[in-house]
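Trainee: Here is the input, now give the coordinates:
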Amino acid sequence: QVQVVESGGGLVQAGGSLKLSCAASGTTFSRYTMGWFRQTPGKEREIVAAISRSGSATYYEDSVSGRFTLSRDNAKSTALLQMNSLKPEDTAVYYCALTDRVQGPAVNPVQYEYWGQGTRVTVAS
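Mentor: Numbering: from 1, shown residues only. Sure, this is the predicted structure:
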């Protein structure tokens, strides 16, 4: 059974940094493209960043490009989202997701099969 667990959320001041971690178990992590999504009340879940199975290709949503960095360690079955220069508009619940349906970074949440429970990020102004 595939399990996905996020950690690292919390409260941070604007301009600060957080590192989110996604840990997968019950499967071979390197089989999966991995994505981070976020959601705020009343809005649809949106892509933040995604990374290919090998880690050679990444995608960043425009608003986080240059501030967030996504990496993965297949040997440890983990992925890290380093978030710098955080803004109040980054406040959301962040979700990690996996899919083996595509090889490259996937940006549509419907492409993903396995989801974590989410970790809350709050950026205070």
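Trainee: Nearest the middle, which residue of this structure would you pick?
Mentor: W36 (2.2 Å; C-alpha atoms, centre = their mean).
Trainee: Just to be sure, Y59 is in a helix?
Mentor: No: assignment of Y59 by DSSP: H, G, I helix; E, B strand; the rest coil gives strand, placing it outside any helix.
Trainee: so it touches V48, yeah?
Mentor: No: using C-beta atoms under 8 Å, Y59 is not in contact with V48; the gap is 9.4 Å. Where you see a C-beta, it was placed from the backbone N, CA and C, and this is true even at glycine.
Trainee: Neighbour count for the two, which is higher?
Mentor: Shown here are Y59 and V48; by other C-beta atoms under 10 Å, V48 has more neighbours (25 against 18).
Trainee: Excluding chain neighbours, give the residue nearest to that one in space.
Mentor: W36 (4.3 Å; C-beta to C-beta, 6 or more residues apart in numbering).
Trainee: Do you have the helices of the protein handy? List them.
Mentor: Remark: no helices are assigned in the chain by DSSP state H.
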